[in-house]
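**Student:** Build me a model:
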Amino acid sequence: MAVLSGFLKNKPYEPDKRTARLHHRLVYVQRFPNGNGRHARMMADLLIRRLGAPPFSWGSNRDDGVIHDIGELRKRYVSALRAADGNDYEPLIAFARS
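**Tutor:** Below you'll find the predicted structure:
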């Protein structure tokens, strides 16, 4: 909770970037043996709502609202996380909003 509190108080970035940075930090830590990505997305969803921004769709924003290719979605997600490893959060934000 202290990490989330810090992201709520510290306001140097717009809500999408603050939320992407929190998500990346939580995934990076690998706190649990399984479910780290799900946990990080849940915490990111809580933060983005708390900041008053529209919720992320995490790659499921299609006309029919259905995720069609889980393998391709995961590749895009992992690629975005790797970009964030290099301090480039734009791919992660783009994925979260796609």
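**Student:** Do I have it right that His24 meets Ala83?
**Tutor:** No. Using Cβ atoms under 8 Å, His24 makes no contact with Ala83, being 9.5 Å away. All C-beta atoms are positioned from the backbone trio N, CA, C, and that covers glycine.
**Student:** Now do the shared contacts for those two.
**Tutor:** Common neighbours of His24 and Ala83, using Cβ atoms under 8 Å, 6 or more residues apart in numbering, are 89, 92.
**Student:** Show me which helix or strand of the protein is least confident by mean pLDDT.
**Tutor:** Every helix and strand in the chain was compared by mean pLDDT, DSSP states H and E; the lowest is helix 2-9, with a mean of 59.
**Student:** Now do the contacts for the residue lying closest to Phe32 once chain neighbours are set aside.
**Tutor:** Counting by Cβ to Cβ, 6 or more residues apart in numbering, Phe32 lies nearest to His39, which is 6.6 Å off, once chain neighbours are set aside. Going by Cβ under 8 Å, 6+ apart, His39 touches 26, 31-32.
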